[in-house]
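Enquirer: Coordinates only, no sequence provided:
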C-alpha cells in the first residue's frame, strides 16, 4: 500500500463530487472509487484533492442482504437521482487487525448517483442498524 497514491490512475469521468464533503471531512469534496482485486470485496473511496484521505468501503448488501435504510427524500435531493438503478450504495468500513473486530457504519451509508457523479453520506435515523455493525459473524 506504500505506493497507493503514486499508482493511482483515474480519469475525469471517475471523479465523484461530494458537495458537502463527508461528515468530519467537509473540505474534501473530490473522490474516486478504486477497486484492488486483492482487497475484494472492499473498495477504496480515495480523496483526490492532494490529501492522503481514503476510506475502505463495501457494498452493504454483502454483509446484510436485506439492508434497507430509511432515508428522507430531502436528504437525497442534492443527488438528483432519476432511477433506482442510478444509485451506488456503500458503507464505510473500519478494518481491525483482528478481522472479527472489523465493523461497518450502517447508520451513515454513502449514496452515489453514478450517472451524475454526485455523492453524499446520509445519516439515517434507523434503530435496526448501528455505526459498528460486525462485518464477519461467528457461525
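Expert: Perfect, I can see it now. For clarity, every value in this text was computed on a predicted model and none was experimentally measured.

Enquirer: Now do the residue nearest to residue 26 when sequence neighbours are not counted against residue 84, distance only.
Expert: Nearest residue to residue 26, sequence neighbours excluded (Cβ to Cβ, 6 or more residues apart in numbering): residue 20, at 6.4 Å. In short, each C-beta sits where N, CA and C put it, glycine included. The gap separating residue 20 from residue 84 is 22 Å, by Cβ to Cβ, to the nearest Å.

Enquirer: These two: which has the busier surroundings?
Expert: Comparing residue 20 with residue 84 by other Cβ atoms under 10 Å, the one with more neighbours is residue 20, at 12 against 6.

Enquirer: and that one, what is it in contact with?
Expert: 26, 29, 78, 120 (Cβ atoms under 8 Å, 6 or more residues apart in numbering).

Enquirer: re the thing from before, relative to residue 83, how far out is the residue nearest to residue 26?
Expert: Distance of residue 20 to residue 83, given as Cβ to Cβ: 23 Å.

Enquirer: all helices of this protein, in order?
Expert: Secondary structure of the chain (DSSP state H): helices located at 73-76.

Enquirer: just the buried members of the contacts of residue 20?
Expert: The neighbour count (16 or more other Cβ atoms under 10 Å) marks 29, 78, 120 as buried among those.
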